[in-house]
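Q: Below are the sequence and a predicted model; questions follow.
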Amino acid sequence: MQPANEKTFAMTINGRRLTANDGESVLTVAKRAGIDIPTLCHHPAIEDFGSCRLCLVEVTKPEWKGWQGLMTACLYPAAKDLIVETQSERVRHVRRNVLDLLLARCPESQVIQQLASDYGVTRSSFTPRADADLCILCGLCVRVCESAVTAAIATLNRGRRREVGPPFGDVPPDCVGCTACAHVCPTGHIIFTEDKGVRTIWNKKFELLRCQKCHEPLLTVEQRDHLLKTRDLDVSYYELCPGCKRQRTAETFADVVLKTHPHFVPKQMGGSSGIPTVPFVQHKEVRP
Amino acid sequence: MKRLIVRPTECTHCRNCELACAFYHSGVPTPVGPHVIEVRRVRTVPVPLTCLQCDDAACVHACPVDAIRRNEKTWALEVTDRCIGCHACEQACPFGAMYFREETHRALKCDLCQGRPTCAAFCPTDALRWAES
Amino acid sequence: MEALRYQDVKALATHAAQLAASPEATQRRLLVCCGTGCLAGGAAAVAEALEQQLAKLDKKQRVQLNLVCKKTGCHGFCEKGPLVVLMPEAIFYKGVKPKDCEAIVHQTVIGGEVIDKLLYVDPATDKAVVKYGDIEFYKQQQRVVMRNIGLIDPAKIDDYILRGGYRSLAKALSSMTPDHVLSEVEKAKLRGRGGAGFDAGRKWRSCKKAAGDVRYIICNGDEGDPGAFMDRSVMEGDPHGVIEGMIIGAYALECHHGYIYVRQEYPLAVKHLQQAIDDARGRGLLGHDILGSGFDFDIEIARGGGAFVCGESSALMRSVEGKVGEPRAKYVHATDKGLWDKPTVLNNVETWVNVVRIIEHGADWFTTMGTAGSKGTKAFALVGKVKNTGLVEVEMGTTLRQIIFGPGGGMLSSGERGGFKAVQTGGPSGGCLPDSLLDLPVDFDTLTKAGSMMGSGGMIVMDHSTCMVDVARYFLSFLTDESCGKCVPCREGLWQMYQIVSRICEGNGDLKDLDQIEDLSQAIINGSLCALGKSGPFPVQSTIRYFRHEYEAHIKEQRCPAGVCKALITYSIDKEICNGCGACLSACATSAILGERKKGDTFEINEVKCDRCGACAAVCKFDAVKVA
């Protein structure tokens, strides 16, 4: 094990001594060690929020004289000599109730159904929500847009009436249609459709840029403009589709080959060349 | 440092590499997975196309969350679980080497199979070779 | 106003002495309570009427009288407002109307005679009480924090200075080091008055130890508990007390910026606080180089937006920062990373005023009051089914019985359902305690052990016309409305509990529901992110603990013993008592009362049409309408 200093130190999770680094969360340390802690509102690229409460774990330190606290692993900092338990009775009890409550909120969500059944809940013991959708209010969509795109959506209202969406329920003016929100959503609540070169998300219609060669839809005009503003690649990077770019690359290399090999004749399979005719041949040893 | 060396002059366009790559990514005996290598013929020359693991990569420049990281051992650029699915890297790569998988909600690219590139292992002519550069 | 700026501590002391020697100091004063409660009762018109009456007198008489009329903050005896007190005679008038003002000026002020009908009558003795200090409501209190409220015009800084204001600040700045001030607060064992009761000195010490040069202090004036209005009265009636406390605290913490967060619904408090801040700045008591000490500190008012959750320390800080008021993980202490991630001390209004008293009289004096674990006094907003509702400040350790039956004057009604049933403390985070616990001393730890909590000071007295299941339902509906919604256990869990308890109120409960409530309560307490969620189940838990029989009556018998839950009660008219006056007939909005206004006839209620609004019972002067 690495020597302990301020930057790296030892701590315990479920009885296993593990090395942790300063600034890491308990969740990061656990994941690295292959210890499974369920999460719903966590994403590695997004600042943790601690709203789903599924990742609650028991934490204690020797100087706490036996007192244990329930903390969210995603936010609680790894610390020297920290002792963590991820499956205590208390923890399982809270997780079971949280999943039972979420199942009442989103009875149709397969993700919730699966997680709930892991904790013994096949049918919710609570009143199901009327007109339930799949949103569990984890806030990932809002947070990813806020931190990595344009903050086009936010949480609206409070408590039971809380929801995620664009300001005033209108078409979001700042949305660039990148679909990151749809991809980080754990339950598939956010959907987008594409039809005839038009992408629709949050009730906003986006004209998709077309590949200048083959007219294959690329990304939205708005996202392209946003990338031009925020990243350091010029517009020429966003003019062709990946397929046509591969074609262009192939042409570039082919030109080089033909220039350097004026009498080039491509290698052929079978015959006297000794190359087998049947594809998918015996695997060769490849050392890393 | 070993690199994936591509020699179009040795390529027979057999497309073993595509099949092998798909097999690796799907993990099942029939290759249903996506492949991140493709062979295209231009005039008489077959060219195997895959990620060039650029030293100064456009995909890294395009990513808003620093999800594409260099593996120091293999030198491959890898898409980590930080990927938020915004497609910026897919559109930015000048070589068309970045792909996107709706099922995983994440971008997909060649990561040199953690240092044992499957395409090279299955190439019958060594047009793809994993060797010291 | 004047450009009177105190260059140093001596200048303040000189001016204070001047004020004490001035004619103003010995002026007779007509104090009109203009706290929000009395204003709602028409106090503004009373104050105006008094001024008009005084203006009508001729100049010579006015000078002879040497009287000034002052609009003060809340006297605390809110039940009896509008209140007028004549000092120094201390004649106390209740329920004053503008038309009484002529008599007050001529009979009492000039003539020296007391107006009987305006006097408070002690219900215990049935005798009128003339003097302020003789009224049991006030006599049994120990007004330390509320010392000035009701006696000064909160808009006049000189009134405050005349009563010793800013003397503590002067003492701290001139004869104590910052650490000395901090130690004094530590020695006093002052526990926060906002609800959690955390040791203030310890909080201050952590903040002082935290790294960094920039620190903040905040005064939490959000006061969201329903039925609590102690902080409002302090902010409205003695704003300088809050400010002085904060300046002293800032000095101890070596911090230069402070905020007073006032809830949206307290415009008068904001007005008075802002005036006080401006006046203090003008006098050199706030801002740059305070009293020539070289210490800089200034205060800004931040307003809430109408959310109970913003009374929670971390949510409040987000709100001040302009963000959505959502709490964040609590193991990150605000004293390390609070407002704008800087070390911050947040304390309640009452706590800050206590700081002034502690520095003035010393920690040793402070610790002579209260119990071993809870020093000092506490202001309570005593409301509900008591005779004297209002603000009561007593020493910690006073029992619930002493408060309710002492200054509280005992139960309001002596009728069938009038006897004491329960007292609720701590607002939505607290619990209900039954009569068997009336002799519990009021202090932080005792109340918590009993299943309630001190909270910020709300004390709601309930008699047998209150349904405890309905009380639990009420608090759950409040909390589900006010929950920020960030975490699942609070947002979804409290809502589901509300559904269950509502069903019980409607007569559709099951005994299994009580087990489900217990199980869910534990998950919410353990799993919630902040104290709103964590303490949300307490009202339900405490009512099940002490009033389980009432829940069982609702469930097993579909009966509401208190006669409250609409689905389970019926209204009927007792024919023996009904004299056919027809008042109920006029009051009923659903035409559910049968009968005609004929002499000798009685009325009957059609149970199907009756919507249980209770209007008939309210108007019946003969108590003929019964609820069962």
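A: Noted; the coordinates are in hand.
Q: Kindly check the end-to-end length of stretch A:140-155 for me.
A: Stretch A:140-155 has an end-to-end distance of 10 Å (criterion: Cα to Cα, to the nearest Å).
Q: May I see the buried residues of it?
A: A:140-146, A:148-150, A:152-155 (16 or more other Cβ atoms under 10 Å in any protein chain shown). (Glycine included, C-beta is placed from N, CA and C.)
Q: Break chain B down into its domains, please.
A: B:1-50+B:112-133, B:53-109 (automatic domain parsing).
Q: what residues does the top helix by length along chain B touch?
A: Selection of the longest helix in chain B by residue count, based on DSSP state H, yields helix B:16-26. Applying Cβ atoms under 8 Å, 6 or more residues apart in numbering or on different chains, the external contacts of helix B:16-26 come out as A:279-281, B:29, B:31-39, B:48, B:108, B:110, B:113, B:118-124, B:128.
Q: OK, contacts around the residue of the stretch 101-250 of chain A found nearest chain C?
A: In the stretch 101-250 of chain A, the residue that lies nearest chain C is A:R162 (3.4 Å; Cβ to the nearest Cβ). A:R162 sits next to A:137, A:155-156, C:484-485, C:491 when contact means Cβ under 8 Å, 6+ apart.
Q: Is it possible to get the residues you listed out as TSV so that each row also shows secondary structure?
A: Putting the contacts of A:R162 into TSV (DSSP: H, G, I helix; E, B strand; the rest coil) gives the following:
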residue	secondary structure
A:L137	coil
A:T155	strand
A:L156	strand
C:C484	coil
C:G485	coil
C:R491	helix
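Q: among those, which two are most distant?
A: A:L156 and C:R491 (13.9 Å; Cβ to Cβ).
Q: Look at these two and report which has more neighbours.
A: With neighbours defined as other Cβ atoms under 10 Å in any protein chain shown, A:L156 and C:R491 compare such that C:R491 has more, 26 against 16.
Q: Quick check: chain neighbours aside, which residue is closest to the more buried one?
A: C:G485 (4.5 Å; Cβ to Cβ, 6 or more residues apart in numbering or on different chains).
Q: give me the low-pLDDT residue ranges for chain B?
A: Scanning chain B for pLDDT under 70 picks out B:29-31.
Q: Sketch out the helices for it, chain order is fine.
A: Under DSSP H, chain B gives helices at B:16-26, B:58-62, B:88-92, B:118-122.
Q: Comparing these, which stretch has the densest surroundings?
A: helix B:88-92 (a mean of 26; mean count of other Cβ atoms under 10 Å in any protein chain shown).
Q: quick one: C:E79 and C:V392 touch, right?
A: No: using Cβ atoms under 8 Å, C:E79 is not in contact with C:V392; the gap is 11.5 Å.
Q: The two: which is more packed in?
A: Set C:E79 next to C:V392 and count neighbours by other Cβ under 10 Å: C:V392 wins out with 30 against 18.
Q: In terms of helix, strand or coil, where does the more buried one fall?
A: C:V392 is classified as strand under three-state DSSP.
Q: which residues touch the residue nearest to the spatial centre of chain B?
A: Geometric centre of chain B, nearest residue: B:C110, 2.6 Å, by Cα atoms, centre = their mean. By Cβ under 8 Å, 6+ apart, the residues touching B:C110 are B:21, B:36-37, B:50-51, B:53, B:76, B:97.
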